[in-house]
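Q: A structural model of the following input is requested.
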Amino acid sequence: MGPLEDQDDYLHPPGPVASWRESFFFGFYDQAGRVCLSYLSVAPRPGMVERILILQTPGVGSTLFCRHRDPLQHFRDTALAEGALQVHCRVPLQSWQIRAEAPCLPVPPGQEISSVLASTREKPLERIPVAFDLHFEALMPAYRFPAGTWDFLGPGQEHFEQAGSITGWMRIGDEETPCSGLCGRDRSWGPRDWLGYQWYHWINLPLCNDLIISAALGRANGQEVSSGFVYREGLLQPIVQVAVQVDRDPQDLHLLAGAAHVVTGAGQTYELHFAPIRFFHTIVAQGDNWRSHDAYTVVTCRCEGVTGQGFVEYAQREPILEHGPARGGLW
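A: Reported below is the predicted structural model:
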C-alpha cells in the first residue's frame, strides 16, 4: 500500500467478494448549529447504490432521516452524481460538491432510527423536504490509514480521511439559509462486515483549521487496534495509541460524558474531553443471533486549549435476546 494518488478519490475496481463496498462519507456541523451526516455506498454485487442522509438542526426536535437504495446502472463515477444524494469530485483529494434533495423522515428524540423507519411500512409518516448544495474544500492533506488498522470492518479494508471547510446553502421545508462550517470526510473500499467486530470507537474532531483529530479504536477477533492522526499547525502526525473512557446509557448507548488519550508516533500526547450536544442511534445490521448497534453523538470537545465540535461514534455487536426473522438493519 503506497501513498495516495488522485485516482484513489474515484471508484476502485471491485473485489471478488459479495460484501465488497466503496463508501463516501461527509459529516459536518455549521455556524447555525446544524449537523449533517451524508453517506453514499456503492455495492457492485448485487448492484446497488445506497444513499443515507441524517440531519439535526435547531428548531426541529426530531432527527431528519432519509435512505434511498437505487439500482447501480453503471459502475462509473457519474453514478455518484445521481439520485437524492449526490457527490462529485471537483479536484481529487482537495475539492468535492455534495448535493441533496429528498423528503426526510422525522425521528423523535432518542428513538432508534431503523425501528421508526420500519414502522412507516404500516403507517406512513409525514416527511420534511430537505435540500442543500455544499462545497467541501480540504484544510489538510488526506491521511491514509496503515494496512490492517480498519480490518475490524472487514479484512483488507482501505481507508483514508480528510477534514475541510464546508460552504453553500441548505433548505429545510421552505426556509433556505447559507451554510458554513467544518467537515470531516472519509473514503473506504473493500470487504465490509457489519457483524464482524466486537466494538469500535471513532472520534472525529475538526476542532478548528489548525487542530484536527481523528482517532479510532476497534476490537475484533480478540485484538484491539488503535489508529488515527493529529493535524496541528500544518503537521500531520499518525496516532499509534488510543485510550477511551466514556459513560454511556447501557440501553441506547447515549454518551453522557467522555474523554480520550491519544499518543502520536512522535510521542506527543493529547487529552480530549468531550460533552454531548445531540445524539442518535440505530441498528446497522442484524443477523440470526447478533446485531450491530451504532450510536453517534455530536460533542463539544476541549483539547490543547481549543474548544470545538465534532462527532463521537460507538458501535457494538450485541446478542439478539428475542429471536425473530433476521432483518437487514439500517445499512
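
Q: didn't residue 199 look like it was pressed against residue 216?
A: No: taking contacts as CB atoms under 8 Å, residue 199 lies outside contact range of residue 216: 11.5 Å. C-beta: built from backbone N, CA, C; applies to glycine.

Q: So between those two, which is more surrounded?
A: Per other CB atoms under 10 Å, whichever of residue 199 and residue 216 has more neighbours is residue 216, with 24 against 17.

Q: Residues contacting the one helix or strand residue 225 maps to, please?
A: According to DSSP states H and E, residue 225 maps onto strand 223-232. The contact list for strand 223-232, computed with CB atoms under 8 Å, 6 or more residues apart in numbering, reads 139-140, 143, 145-146, 148-152, 161, 163, 203, 210-219, 236-242, 262, 264, 268, 270, 304.

Q: Mind listing what's buried along that strand?
A: 225, 226, 227, 228, 229, 230, 231, 232 (16 or more other CB atoms under 10 Å).

Q: Can you give me the distance of the fifth one to residue 171?
A: With the distance defined as CB to CB, to the nearest Å, residue 229 ends up 34 Å from residue 171.

Q: Now do the phi/psi pair for the residue nearest to residue 193 when sequence neighbours are not counted.
A: What sits nearest to residue 193 in space, not counting adjacent residues and going by CB to CB, 6 or more residues apart in numbering, is residue 154, at 4.7 Å. Backbone torsions of residue 154, given as degrees, to the nearest 10, read phi 140, psi 130.

Q: Count the neighbours of residue 154 for me.
A: 22.

Q: Convert the C-alpha atoms of the helix or strand where residue 274 lies to PDB, please.
A: Applying DSSP H and E as the criterion places residue 274 in strand 269-286. Taking Å, rounded to 0.1, in the frame of the first residue of the first chain, the C-alpha atoms of strand 269-286 are listed here in PDB:
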ATOM      1  CA  THR A 269       0.100  13.100  23.800                       C
ATOM      2  CA  TYR A 270      -3.200  14.800  23.500                       C
ATOM      3  CA  GLU A 271      -6.000  14.700  26.100                       C
ATOM      4  CA  LEU A 272      -9.600  15.100  24.700                       C
ATOM      5  CA  HIS A 273     -12.600  15.900  26.900                       C
ATOM      6  CA  PHE A 274     -16.000  15.900  25.300                       C
ATOM      7  CA  ALA A 275     -19.600  16.600  26.400                       C
ATOM      8  CA  PRO A 276     -22.700  15.600  24.400                       C
ATOM      9  CA  ILE A 277     -24.800  18.100  22.400                       C
ATOM     10  CA  ARG A 278     -27.000  15.800  20.300                       C
ATOM     11  CA  PHE A 279     -27.400  12.100  19.800                       C
ATOM     12  CA  PHE A 280     -29.000   9.500  17.600                       C
ATOM     13  CA  HIS A 281     -28.700   5.700  17.300                       C
ATOM     14  CA  THR A 282     -29.700   2.900  15.000                       C
ATOM     15  CA  ILE A 283     -29.300  -0.900  14.400                       C
ATOM     16  CA  VAL A 284     -26.900  -1.000  11.500                       C
ATOM     17  CA  ALA A 285     -27.200  -4.700  10.700                       C
ATOM     18  CA  GLN A 286     -28.900  -7.700  12.100                       C
END
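
Q: Any stretches of the chain with poor pLDDT?
A: Applying pLDDT under 70 to the chain picks out residues 1, 322-331.

Q: all helices for it, in order.
A: Using DSSP state H, the helices found in the chain span residues 113-119.

Q: Tell me which residues touch residue 176, please.
A: 169, 170.

Q: how close does it get to residue 309?
A: In terms of CB to CB, residue 176 sits 23 Å off from residue 309.

Q: Not counting sequence-adjacent ones, nearest residue to residue 307?
A: Counting by CB to CB, 6+ apart, the residue nearest residue 307 is residue 300, at 6.5 Å.
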